[in-house]
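Asker: Got a predicted model here, sequence first, then my questions.
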Amino acid sequence: MAKKSDTSSASGKTKTVDAALEGIIDRKIEKIAPASSSKGEINIESKLKALYGLQQIDSKIDKIRIVRGELPMEVSDLEDEIIGLQTRVNKYTDEVNSLEDEIVKKKLSIKESKELTKKYEGQQNKVKNNREYDSLSKEIEFQTLEIQLLDKHIKEFNADIAMKNITIEESTKKLNDKNKDLKVKKEELDDIIAETEKEETYLLKHSSSAADIVDDRLLTAYKRIRDNARNGLAVVKVERDACGGCFNKIPPQRQLDIRQRKKIIVCEHCGRILVDPEINQN
């Protein structure tokens, strides 16, 4: 009964934590996401607010993913390297097995040649003329050379096997080390994902809602600018009379047009969409 109570208590705590996290995220979203999500008749000011809200949400998602750093790529590279090493080990193992089979065949051939030699030597003792004797001598000589050739092949195969076994041993050691590294990095990545997954899921949902307000043409332009921008910023404020993305000066008349929020204005230097500093205050 005590165990059941503990389990129920733990489950209650988890739900409380989840609810608290949802509340925190929702409060963050309220500050940056537009209130409406309709694509009906919407003026330029609302589009700019929606775009800026979308940018803030996407930037938060970017920050979450930056925390993961190079780990996803490192995990992927390690997995590819492990596959390559395992393929190499399997290939050399198959070659060693094939060589060992050949050695067995060569040894059987040596045994057959020795038996033939012994047989011909016995027949030599019973021959009645020199011609038969010379013929058997040639057969014995041939079998002797055959045995020497087979022995040579066996030595070459054994040397090849020794070299391949060294490669297998080295590759297996490296494979084991890479598997250990992969396990550590996967655990690290899983921990980071577990910590940020819930917030990222919420942000992605609200990013989609914010994107619904913006018309397709403008949304396509926003995504294209984000893809080309090093920091993922497609919509920036005018700060200290300059573009918040590339920091080039904005002419006073252009700043006035931006503050009026009557048309979409982009930076003539970097192509980012410009909004006034008070865009999300009213």
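Answerer: Yep, that arrived.
Asker: So what does the closest residue to residue 133 other than its chain neighbours have for phi and psi?
Answerer: Nearest non-adjacent residue to residue 133, counting by Cβ to Cβ, 6 or more residues apart in numbering: residue 127, 4.8 Å away. For the C-beta atoms, the positions are set from N, CA and C on the backbone; glycine is no exception. Main-chain torsions, residue 127, degrees, to the nearest 10: phi -70, psi 160.
Asker: Next, count neighbours for residue 127.
Answerer: By other Cβ atoms under 10 Å, the residues close to residue 127 number 14.
Asker: Following the chain past the biggest helix by length in the chain, name the next helix or strand.
Answerer: In the chain, with assignment by DSSP state H, the single longest helix is helix 130-213. Next in sequence after helix 130-213, counting helices and strands by DSSP states H and E, comes helix 216-228.
Asker: Give me the next element, helix or strand, following that following helix.
Answerer: The helix or strand immediately downstream of helix 216-228 is strand 235-239, counting by DSSP H and E.
Asker: What is that next one packed up against?
Answerer: Where contact means 3 or more Cβ pairs under 8 Å, 6 or more residues apart in numbering; DSSP states H and E, strand 235-239 is packed against helix 44-67, strand 273-275.
Asker: so of these, which one's packed in deepest?
Answerer: Most buried of these, by mean neighbour count (mean count of other Cβ atoms under 10 Å): strand 273-275, with a mean of 24.
Asker: How about residue 181, nearest residue that isn't a chain neighbour?
Answerer: That would be residue 78: by Cβ to Cβ, 6+ apart, it lies 6.0 Å from residue 181.
Asker: Check for me that that neighbour belongs to a helix.
Answerer: Yes. Assessed by DSSP: H, G, I helix; E, B strand; the rest coil, residue 78 belongs to a helix.
Asker: Can you list the low-confidence ranges for the stretch 1-150 of the chain?
Answerer: Along the stretch 1-150 of the chain, the parts satisfying pLDDT under 70 run over 1-42.
Asker: now do 90
Answerer: 1-74, 124-130, 132 (pLDDT under 90).
Asker: element containing residue 69?
Answerer: If you go by DSSP H and E, residue 69 is not part of any helix or strand.
Asker: which residue ends up closest to the midpoint of this protein in space?
Answerer: residue 76 (2.3 Å; Cα atoms, centre = their mean).
Asker: For that one, which residues are in contact?
Answerer: If you count contacts by Cβ atoms under 8 Å, 6 or more residues apart in numbering, residue 76 has none.
Asker: Tell me the spacing between residue 238 and residue 247.
Answerer: From residue 238 over to residue 247 the distance is 11 Å, taken as Cβ to Cβ, to the nearest Å.
Asker: Of those two, give the one with the bigger neighbour count.
Answerer: Neighbours per residue, other Cβ under 10 Å: of residue 238 and residue 247, the larger number sits with residue 238, 21 against 13.
Asker: Surely the more buried one touches residue 274?
Answerer: Yes. Here residue 238 lies in contact with residue 274, judged by Cβ atoms under 8 Å, at a distance of 5.8 Å.
Asker: Please identify every residue contacting each of the two.
Answerer: Common neighbours of residue 238 and residue 274 (Cβ under 8 Å, 6+ apart) are 250, 258.
Asker: Who's the closest spatial neighbour of residue 174, skipping the chain neighbours?
Answerer: Residue 174 sits nearest to residue 85 (Cβ to Cβ, 6+ apart), 6.0 Å away.
Asker: In a markdown table: the helices and strands packed on strand 235-239, plus distance to residue 146.
Answerer: Formatted as a markdown table, those follow (distance: least, Cβ to Cβ, whole Å):
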| stretch | distance to residue 146 |
| --- | --- |
| helix 44-67 | 69 |
| strand 273-275 | 85 |
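Asker: out of the ones you listed, which comes closest to residue 155?
Answerer: Of all those, helix 44-67 sits nearest to residue 155, with 58.7 Å by Cβ to Cβ.
Asker: what helices or strands is that closest one leaning on?
Answerer: Contacts defined by 3+ Cβ pairs under 8 Å, 6+ apart place helix 44-67 against helix 2-32, helix 130-213, helix 216-228, strand 235-239, strand 273-275.
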